[in-house]
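*Asks:* need coordinates for the following:
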Amino acid sequence: MRVLEARNLTSGYGETDILHDVSIKLDEKEIVSIIGPNGAGKSTLLKTIFGILRPSQGVIELQGEEITGLSPDKIVRKGMSYVPQVDNVFPSLTIQENLEMGAFVRTDDYRDRLQEVYALFPLLKERRNQKVGSLSGGQRQMVAMGRALMLDPKVLLLDEPSASLAPLLVEMIFEKIVDINKTGVAIVVVEQNARETLKISDRGYVLAMGRKVFEDTGKAILENKEVGKLYLGG
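*Replies:* Take a look at the predicted model:
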């Protein structure tokens, strides 16, 4: 089942288009990676899908319903969550307070969901009363992902989840992405760490200069020598 589809998106900032006629799709239970050089438009694509940027052209559908042009707060209510690369936690609040903030639009009792998130991230439960500002970068990233999961989304957008993390923490974050996916959440992940994200991805898209230049399974992209030479560092 198709849970997310973006068709022919053109988008950018002000009068400047960064994305040009980009189409992607995400099926139920998939992990799809978006890779490419800096400035390729990867983050712009996620921001456009999530309603932070409004496309000048194209259509976005979530679970078969058009959401093009909707604001992020409305998109969240329809089943999509987004973890930006920066400013994705509240440092002055505790872990538990951050997670509770993630449930801000819920009108039901979210305590069961909180326990499900803690089951995914046992370390967060152990330290739930600790201020997030005192955590390591990897731990903060877990808080950010946990907060996004509090709304029990069908689709999760992750923007550079391993950015600036030590190699051991990078491995841990990718393991957590797989764990989240196993709970039934379909995931789109933008990553500079292309090889590692492709290893866990069902499919991938390569962007360059705001255009989609290649798409295939994660495995096929990893094995493609031309793509490897141009976009994966050899």
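
*Asks:* so what's the most centrally placed residue in the chain scoring on pLDDT?
*Replies:* The residue lying closest to the centre of the chain (C-alpha atoms, centre = their mean) is Leu158, at 1.7 Å. Each residue has a pLDDT score; the one for Leu158 is 98.

*Asks:* ditto for Gly234
*Replies:* pLDDT, read off for Gly234, is 62.

*Asks:* same check on Gly14?
*Replies:* For Gly14, pLDDT reads 89.

*Asks:* neighbours of it, just the number please.
*Replies:* 5 (other C-beta atoms under 10 Å). For glycine as for every other residue, the C-beta is placed from the backbone atoms N, C-alpha and C.

*Asks:* what's it sitting at in phi/psi?
*Replies:* phi 60, psi -130 (degrees, to the nearest 10).

*Asks:* list the contacts of it.
*Replies:* Contact analysis of Gly14 by C-beta atoms under 8 Å, 6 or more residues apart in numbering lists nothing.

*Asks:* and Glu15, by the same measure?
*Replies:* Per C-beta under 8 Å, 6+ apart, neighbours of Glu15: none.

*Asks:* numbering from 18 from now on, please.
*Replies:* Happy to do that; since the first residue is 18 now, the last one works out to Glu32.

*Asks:* and it, how far from Ser73?
*Replies:* Relative to Ser73, Glu32 is positioned 10 Å away (C-beta to C-beta, to the nearest Å).

*Asks:* how about Leu62?
*Replies:* Relative to Ser73, Leu62 is positioned 14 Å away (C-beta to C-beta).

*Asks:* identify the contacts common to those two.
*Replies:* Counting by C-beta under 8 Å, 6+ apart, the residues touching both Leu62 and Ser73 are Ser28.

*Asks:* out of the two, which sits in the more crowded spot?
*Replies:* Neighbour comparison, Leu62 and Ser73: the larger count goes to Leu62, with 29 against 13 (by other C-beta under 10 Å).

*Asks:* buried stuff in the longest helix seen in the chain?
*Replies:* For the chain, the helix that runs over the most residues, judged by DSSP state H, is helix 184-199. Across helix 184-199, burial judged by 16 or more other C-beta atoms under 10 Å covers 186-187, 189-191, 193-194, 197-198.

*Asks:* neighbours of Ser218, how many?
*Replies:* Neighbour tally, Ser218, other C-beta under 10 Å: 27.

*Asks:* now Gly155
*Replies:* Gly155 sits with 20 neighbouring residues when counted by other C-beta under 10 Å.

*Asks:* re earlier: now the buried residues of helix 184-199 as TSV including pLDDT and distance to Leu239?
*Replies:* Converted to TSV, the buried residues of helix 184-199 look like this (pLDDT from 0 to 100; distance: C-beta to C-beta, whole Å):
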residue	pLDDT	distance to Leu239
Leu186	88	22
Val187	90	17
Met189	91	21
Ile190	93	19
Phe191	95	14
Lys193	95	21
Ile194	97	17
Ile197	97	22
Asn198	97	18
